[in-house]
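[1] coords below, sequence missing:
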């Protein structure tokens with residue numbers, strides 16, 4: 001630890017020493033993790049005159065937001081969309097004021113979540129293009145299957161937003177004998193789909209249509225970064241979907257988090273190994289044995305890291321908190337980014353390959369549409385993503401390229417490539433959280449609930465915006481406000497009329513959105 005770190009550590013030690021009803025220094029907080037939630041919490045507490053130190057195990061900030069510039073232009077290897085391009089999105093004011101452009105990949109939410117059907121180009125394994133008519137027809141069948149499995153008012157609202165699919169069929173076929181209501185015990189989405197097809201022979205598909213249906217399931221799995229046989233039927237649709245569709249961050253997310261982090265005391269390459277809490281403070285130990293003390297701590301490490309038990313909590317976390325950590329699922333989605341000499345693919349937002357199983361299907365995002373760079377991103381999820389992580393970067397890229405060659409035989413090899421490995425990255429151990437079969441949705445709220453002077457934030461602590469950047473950001477602000485109130489309450493200095501985060505001012509510059 002350098003002299004500056006020791007100096008700051010002494011200041012933090014002094015911060016928890018006080019006499020009478022006042023403390024000797026400004027209230028202090030240690031934020032563990034410099035991802036979006038950690039930086040949001042640190043920013044808010046710093047602006048509320050708290051002494052804040054951020055401890056980050058990586059050699060960079062951002063967490064699962066990682067904008068790479070090695071190709072000569074920005075590419076997000078982690079989070080890359082703003083889900084809900086609207087002023088109601090908590091991140092919209094900041095993105096708007098920064099003037100960062102968005103490329104909208106859907107006009108509004110649909111069952112496919114992140115794209116509009118007219119921007120697809122699907123092919124079979126022989127490279128023959130699937131007709132738009134068949135893709136649309138199978139899409140309506142998939143909607144019907146989901147309706148039979150788990151119709152809710154939330155799902156109807158979701159369908160109503162999708163002018164592409166919603167029609168009078170659903171108004172005429174609302175049923176109460178759906179799978180979710182028929183079974184008291186939870187089951188996987190895959191099992192529910194199978195039961196629907198057993199009950200409804202008219203929804204069964206064969207041949208090419210069946211392969212297209214598997215591709216739809218593949219895209220659902222991509223949304224959750226998990227296989228359909230692990231996704232909860234009861235809770236899969238509990239996420240709050242903001243209106244406005246989905247916008248790709250054309251210049252990446254890094255400018256946003258860099259802006260939030262400006263002026264903060266962030267210590268990189270410091271891996272936390274132990275968090276000790278007592279009645280008037282916390283002591284945090286890092287890998288080299290150095291310790292930091294403060295009034296409170298905000299824990300924002302990914303759910304996968306919490307699950308690994310690489311951070312020891314002393315005393316042990318209560319049983320209900322451990323239940324939340326162990327009960328929530330962590331999905332995996334990776335990106336294999338391929339930079340080509342020229343563009344040789346159709347002018348659509350993405351390419352897809354249909355197959356007999358969702359595992360065999362492929363999905364390529366066409367970044368040329370948004371960025372004008374000749375780049376395709378292959379995006380495997382679930383078991384396929386785990387299998388590809390066992391390969392070298394070169395082998396994984398070759399696998400992705402061979403999938404592309406199936407549909408475009410004249411494709412030229414990439415001149416550069418990037419491969420993400422969120423599952424094997426010891427600082428993330430997964431992409432983002434989701435509801436697994438048999439666990440209640442309120443585990444997200446339990447994960448967010450403070451334990452004494454420990455506060456928790458991150459996308460896995462968001463009941464409404466699980467897996468989203470704005471979910472991580474929102475929970476960081478909530479943790480900061482809860483922490484501020486708890487610490488100042490203890491010192492008798494709480495002013496309920498001065499919250500840590502005031503209402504955001506209206507966006508003076510509108511979101512810069514392009515399309516097609």
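    Nice, I can see it. For clarity, every value in this text was computed on a predicted model and none was experimentally measured.

[2] and residue 122, which of the three is it?
    Taking DSSP: H, G, I helix; E, B strand; the rest coil as the rule, one finds residue 122 in the strand state.

[3] which residues does it bridge with?
    With DSSP bridges as the criterion, residue 122 is bridged to residue 352.

[4] tally of neighbours for it?
    A count of neighbours around residue 122, defined by other C-beta atoms under 10 Å, yields 26. The C-beta positions use only the backbone N, C-alpha and C, and glycine is treated the same way.

[5] helix or strand with the lowest mean pLDDT in the protein?
    Sorting the helices and strands of the chain by mean pLDDT, DSSP states H and E puts strand 18-19 at the bottom, at a mean of 31.

[6] residues in contact with residue 360?
    By C-beta atoms under 8 Å, 6 or more residues apart in numbering, the residues touching residue 360 are residue 214.

[7] so residue 331 versus residue 217, what's the distance?
    To residue 217, residue 331 is 15 Å away according to C-beta to C-beta, to the nearest Å.

[8] these two: which is more packed in?
    Set side by side, residue 331 and residue 217 show more neighbours around residue 331, with 26 against 20, by other C-beta under 10 Å.

[9] test my guess that the more buried one contacts residue 436.
    No - between residue 331 and residue 436 there is no contact under C-beta atoms under 8 Å: 9.3 Å.

[10] find residues that contact each of these two.
    Common neighbours of residue 331 and residue 436 (C-beta under 8 Å, 6+ apart) are residue 226.

[11] tell me the predicted confidence for the residue nearest the centre of the chain.
    Geometric centre of the chain, nearest residue: residue 467, 2.9 Å, by C-alpha atoms, centre = their mean. Listed pLDDT for residue 467 reads 93.

[12] over to residue 512?
    pLDDT recorded at residue 512 is 74.

[13] surely it is in contact with residue 104?
    No - counting by C-beta under 8 Å, residue 512 does not reach residue 104; the two are 10.5 Å apart.

[14] who's more crowded, the two?
    The neighbour comparison of residue 512 against residue 104 (other C-beta under 10 Å) goes to residue 104, with 21 against 15.

[15] and the residue nearest to the centre of the chain, what does it touch?
    For residue 467, the contact set (C-beta under 8 Å, 6+ apart) comprises 224, 225, 239, 331, 431, 432, 433, 434, 459.

[16] could the residues you listed go into TSV alongside secondary structure, distance to residue 87 and pLDDT?
    Conversion of the contacts of residue 467 to TSV gives the following (DSSP: H, G, I helix; E, B strand; the rest coil; distance: C-beta to C-beta, whole Å; pLDDT from 0 to 100):
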residue	secondary structure	distance to residue 87	pLDDT
224	helix	27	94
225	coil	28	96
239	coil	20	82
331	strand	29	97
431	coil	28	98
432	strand	24	96
433	strand	26	97
434	strand	27	95
459	helix	21	98
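
[17] in CSV, list those residues along with distance to residue 446.
    As requested, the contacts of residue 467 are exported to CSV (distance: C-beta to C-beta, whole Å):
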residue, distance to residue 446
224, 20
225, 21
239, 17
331, 19
431, 21
432, 18
433, 13
434, 16
459, 15
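
[18] pick the one among these closest to residue 406.
    Using C-beta to C-beta, residue 225 is the member of these that lies nearest residue 406, at 23.7 Å.

[19] list phi and psi for the closest one.
    Dihedral angles of residue 225 (phi, psi; degrees, to the nearest 10) stand at phi 60, psi 40.

[20] so what's the residue count around it?
    25.

[21] relative to residue 64, how far out is it?
    According to C-beta to C-beta, residue 225 stands 11 Å off from residue 64.

[22] does residue 218 touch residue 361 like I think?
    Yes - contact status for residue 218 versus residue 361: in contact at 3.9 Å, counting by C-beta under 8 Å.

[23] overlap of the contact sets of the two?
    Counting by C-beta under 8 Å, 6+ apart, nothing touches both residue 218 and residue 361.

[24] specify the beta-bridge partners of the residue lying closest to residue 81 once chain neighbours are set aside.
    Of all residues not flanking residue 81 in the chain, residue 246 sits nearest, at 5.0 Å (C-beta to C-beta, 6 or more residues apart in numbering). With DSSP bridges as the criterion, residue 246 is bridged to residue 83, residue 106.

[25] which pLDDT value belongs to residue 246?
    Listed pLDDT for residue 246 reads 88.

[26] number of nearby residues for it?
    The burial count assigned to residue 246 is 24, neighbours taken as other C-beta under 10 Å.

[27] repeat for residue 74
    The local packing of residue 74 (other C-beta under 10 Å) involves 18 other residues.

[28] so in terms of bridging, what pairs with the closest residue to residue 225 other than its chain neighbours?
    Counting by C-beta to C-beta, 6+ apart, residue 331 is the residue found nearest to residue 225 once chain neighbours are left out, at 2.9 Å. Judged by DSSP bridges, the bridge partners of residue 331 are residue 432.

[29] what residues does residue 331 make contact with?
    Here residue 331 is in contact with 224, 225, 226, 381, 382, 430, 431, 432, 433, 434, 467 (criterion: C-beta under 8 Å, 6+ apart).

[30] mind running it again at 6 Å?
    224, 225, 226, 431, 434 (C-beta atoms under 6 Å, 6 or more residues apart in numbering).

[31] thinking again about what came up before, the residue nearest to the centre of the chain and residue 276, how far apart?
    31 Å.

[32] do residue 76 as well
    Where residue 276 is concerned, residue 76 sits at a distance of 36 Å (C-beta to C-beta).

[33] which one's more surrounded, the two?
    Between residue 76 and residue 276, counting by other C-beta under 10 Å, residue 76 is the more crowded of the two (24 against 16).

[34] name whatever forms a beta bridge with that one.
    Beta-bridge pairing of residue 76 under DSSP bridges involves residue 67.

[35] hmm, residue 252 and it touching each other?
    Yes - contact criterion C-beta atoms under 6 Å: residue 76 and residue 252 qualify, at 4.9 Å.

[36] residue 435 and residue 235 touch, don't they?
    Yes - at 3.7 Å, residue 435 and residue 235 qualify as touching, with contact defined as C-beta under 6 Å.

[37] who's more crowded, the two?
    Between residue 435 and residue 235, counted using other C-beta under 10 Å, residue 435 has the larger neighbour count: 27 against 23.

[38] report how many residues lie close to residue 213.
    Neighbour tally, residue 213, other C-beta under 10 Å: 22.

[39] nope, residue 340 is what I meant
    If you count neighbours by other C-beta under 10 Å, residue 340 ends up with 21.

[40] report the contact partners of it.
    Each residue near residue 340 by C-beta under 6 Å, 6+ apart is listed here: 374, 414.

[41] state the pLDDT value of it.
    Taking residue 340 on its own, its pLDDT is 98.

[42] residue 431 contacts residue 224, correct?
    No - counting by C-beta under 6 Å, residue 431 stays clear of residue 224, with 9.7 Å between them.

[43] can you pull the buried residues of stretch 439-447?
    Of the residues in stretch 439-447, 439, 440, 441, 443, 444, 446, 447 count as buried by neighbour count, 16 or more other C-beta atoms under 10 Å.

[44] assign a three-state SS to the spatially closest residue to the third one that is not a sequence neighbour, would you?
    Okay, so that is residue 441. Excluding the flanking residues, the one nearest residue 441 by C-beta to C-beta, 6+ apart is residue 235, at 4.4 Å. Assigned by three-state DSSP, the conformation of residue 235 is coil.
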